[in-house]
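In: Sequence and computational prediction follow.
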Amino acid sequence: MIVIIDSDGLIGSLNTHDRHYLNSQKISRKLIKNGAKLIYPATVIVETVTLLQGRLNAPKLADQILQLAKNNQLIIAVVDEKILQEAADIMDFKKSKHNTLFDAVVATIAKKYSADAIFSFDSFYKKKGFKLASEL
């Protein structure tokens, strides 16, 4: 089973103050139990660390993620020009300010890896035809 991790799923799993924390913990346990291969797009690492460091004032959690990445403890998907081009094709700036290029990159990575689900709470992915990890 392959699951692509989005920043809200990652933050929800680590930040005890996040509104998705309890649900994220439940989903994480299920993914581990089922031996899911978790893939983190490089942009998710950047987005998550930035949010934790700045807006959420959780620099220790930000550093924890960086250390995991630095020590090769995460499977990180490269975001190259092909991924960006495909992500740009699914962006629609007229429909929503909420859905970002970060989301489009996650969807593109999920397509590339034929992911079984995306660990996120964002309905954008459902609208694009993906299953959320909570549905597994």
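Out: Happy to help now that I have it. Numbering: from 1, shown residues only.

In: what about this protein, any weak spots by pLDDT?
Out: Residues of the chain meeting the criterion pLDDT under 70: 95-97.

In: Count the residues that sit near residue 135.
Out: Other residues near residue 135 come to 10 when the count uses other CB atoms under 10 Å. C-beta: built from backbone N, CA, C; applies to glycine.

In: Would you mind listing the residues in contact with the nearest residue to residue 52 once chain neighbours are set aside?
Out: Excluding its sequence neighbours, the residue lying closest to residue 52 (CB to CB, 6 or more residues apart in numbering) is residue 62, at 3.9 Å. Counting by CB atoms under 8 Å, 6 or more residues apart in numbering, residue 62 makes contact with 48-50, 52-53.

In: All the helices of this protein, residue numbers only.
Out: Here the chain has its helices, by DSSP state H, at 7-14, 21-33, 42-53, 59-70, 81-90, 101-112, 123-127.

In: Tell me which of the ones you listed approaches residue 1 most closely.
Out: Evaluated over these, closeness to residue 1 peaks at helix 21-33, with 7.8 Å, by CB to CB.

In: Which strands and helices lie in contact with the closest one?
Out: Here helix 21-33 touches helix 7-14, going by 3 or more CB pairs under 8 Å, 6 or more residues apart in numbering; DSSP states H and E.

In: Pull the CA coordinates from the helix it packs on and hand them back as PDB.
Out: Coordinates of each C-alpha in helix 7-14 appear next as PDB, following Å, rounded to 0.1, in the frame of the first residue of the first chain:
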ATOM      1  CA  SER A   7       1.300  18.700   5.100                       C
ATOM      2  CA  ASP A   8      -2.000  18.700   7.000                       C
ATOM      3  CA  GLY A   9      -1.700  15.000   7.700                       C
ATOM      4  CA  LEU A  10       1.900  15.300   8.800                       C
ATOM      5  CA  ILE A  11       1.200  18.300  11.000                       C
ATOM      6  CA  GLY A  12      -1.900  16.600  12.400                       C
ATOM      7  CA  SER A  13       0.200  13.600  13.300                       C
ATOM      8  CA  LEU A  14       2.900  15.600  15.200                       C
END
